[in-house]
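[1] The following block contains a protein sequence and its predicted model.
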Amino acid sequence: MGDPRLHTRFCDLVGVRYPIVQTGMGWVAGPRLAIATANAGGLGILAAATLTFDEMVADIDEVRGGTDAPFGVNMRTDADDVERRVEHLITAEVKVASFAQAPGQATVARLKEAGVVVIPTIGACRHAEKVAEWGVDAVIAQGTEGGGHTGVVPTSLLIPQVLDTVDLPVIAAGGFVDGRGLAAALAWGADGIAMGTRFLLTAESTVPDVVKARYLATPVTGTVVTTAIDGAPQRVIATDMIRRLEAARLTRFPRAAANALRFRRLTGTPLRALLAEGLRMKRAQDLTWGQVALAANAPMLTRATMVEGRTEVGILPTGQGVGSIDELPSAAELVGRIMAEAGEALDRLCGA
């Protein structure tokens with residue numbers, strides 16, 4: 001029996017033992033990591049945004065074969081086949097549908113009708129209020145300390161604001177790496193924490209060792225928020241590649257376009273589909289053509305690092321908490337330690 005002080009309504013909502021979420025990091029959160037997190041008592045989320053439909057189906061089957069615990073799948077709302085993916089999640093009885101963007105009212109309704117828990121990630125109060133009106137079950141509220149695409153509001157300010165805005169379970173994200181962070185999030189009123197970088201740096205993460213070593217060597221001051229990758233703010237490790245992208249104002253578009261075509265060949269995406277996606281992004285986000293090319297290029301840059309281990313040409317999305325991480329535990333060791341540390345932190349607060 002776990003510490004009842006650490007059992008939240010989020011645990012009951014998704015059926016997990018502990019209020020800890022491993023986020024759906026593209027190219028990182030594969031079946032092995034999701035299985036390990038789920039078996040450790042947290043919510044493992046499979047990253048499907050960078051997968052083809054058939055790859056997603058196979059990975060869901062692999063996770064299902066590796067754990068009896070609930071798990072989630074992260075998807076892109078602007079994918080051409082998002083409706084087909086949603087229907088497969090329902091058929092496969094996946095417990096949680098995770099989205100990095102607002103999933104849309106019709107998508108939320110379809111998933112909820114089938115009993116799937118819908119949890120989008122938001123970075124501002126107005127976004128939380130919007131998705132709450134659509135009927136989502138919970139939100140992951142990520143502060144600017146978080147890795148990858150991120151907002152501008154610090155976690156310590158965002159979480160209380162979101163809690164004052166919506167009556168939903170709120171999972172705090174952005175800068176969390178240990179049990180003290182979990183205790184702090186619960187003290188704010190959150191129902192748990194979500195972590196990406198901390199789970200990336202575990203034994204079950206398939207990220208190449210050379211890349212993990214680069215993360216472990218990064219100090220708290222070694223990250224930067226940049227729009228040079230795909231036009232939207234992203235927190236990444238401040239590498240020479242990022243500095244070149246920031247400086248290459250005149251050559252950024254042709255380089256990005258060339259890499260976008262390489263990504264198309266790698267994934268087998270038809271050129272027509274790539275162009276259609278670019279047009280859709282341009283209309284939805286009011287991007288310039290240069291930004292469209294950058295956005296199409298971004299998966300290629302991330303894959304070069306996270307799959308191929310090419311730290312010199314890729315990008316390394318990371319939260320600021322990377323500077324507080326110095327080892328690679330198993331997911332089970334990490335989750336168990338976080339829960340123990342959180343309990344000790346609460347004991348100190350209560351004078352026990």
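    Now that the structure is in, tell me what you want to look at. Numbering: from 1, shown residues only.
[2] what about residue 229, how many neighbours?
    As a burial measure, residue 229 scores 25 neighbours (other CB atoms under 10 Å). Any C-beta I mention is one placed from the backbone N, CA and C, and that applies to glycine too.
[3] quick one: the residue nearest to it when sequence neighbours are not counted and residue 308, what's the gap?
    Spatially, and ignoring its direct neighbours in sequence, residue 229 is nearest to residue 298 (5.3 Å; CB to CB, 6 or more residues apart in numbering). Residue 298 sits 15 Å away from residue 308, going by CB to CB, to the nearest Å.
[4] So these two - more neighbours on which side?
    Legend: neighbour count by other CB under 10 Å for residue 298 and residue 308, higher for residue 298 (23 against 13).
[5] Mind pulling the model confidence for the more buried one?
    Looking at residue 298, its pLDDT stands at 71.
[6] Wait, it touches residue 232, no?
    No. The pair residue 298 / residue 232 is not scored as a contact, 9.1 Å apart, by CB atoms under 8 Å.
[7] Now residue 146. Nearest residue, chain neighbours left out?
    Once flanking residues are discounted, residue 146 sits nearest to residue 174: 3.6 Å by CB to CB, 6+ apart.
[8] I'd guessed the one you found sits against residue 142; true?
    Yes. Using CB under 8 Å, residue 174 is in contact with residue 142, at 4.8 Å.
[9] so what does whichever helix in the chain runs longest touch, helix or strand wise?
    Longest helix in the chain, counting residues (DSSP state H): helix 331-350. Packing partners of helix 331-350 (3 or more CB pairs under 8 Å, 6 or more residues apart in numbering; DSSP states H and E): strand 20-22, helix 31-40, helix 179-188, helix 197-200.
[10] one more time with 10 Å, if that's ok
    strand 20-22, helix 31-40, helix 179-188, strand 192-195, helix 197-200 (3 or more CB pairs under 10 Å, 6 or more residues apart in numbering; DSSP states H and E).
[11] Quick check: which of these is nearest to residue 216?
    Closest to residue 216 of these, according to CB to CB: helix 197-200, at 10.7 Å.
[12] Distance from the chain centre to that closest one, please.
    Here the centre of helix 197-200 is set off from its chain's centre by 10 Å, with CA atoms, centre = their mean, to the nearest Å.
[13] same thing with stretch 334-345?
    The mean C-alpha position of stretch 334-345 is separated from the chain mean by 22 Å, CA atoms, centre = their mean.
[14] So what touches that stretch?
    Stretch 334-345 is contacted from outside by 2-3, 5-6, 17-20, 22, 36-37, 39-42, 176-187, 193, 195, 198-199, 201-204, 327-330, 352, using CB atoms under 10 Å, 6 or more residues apart in numbering.
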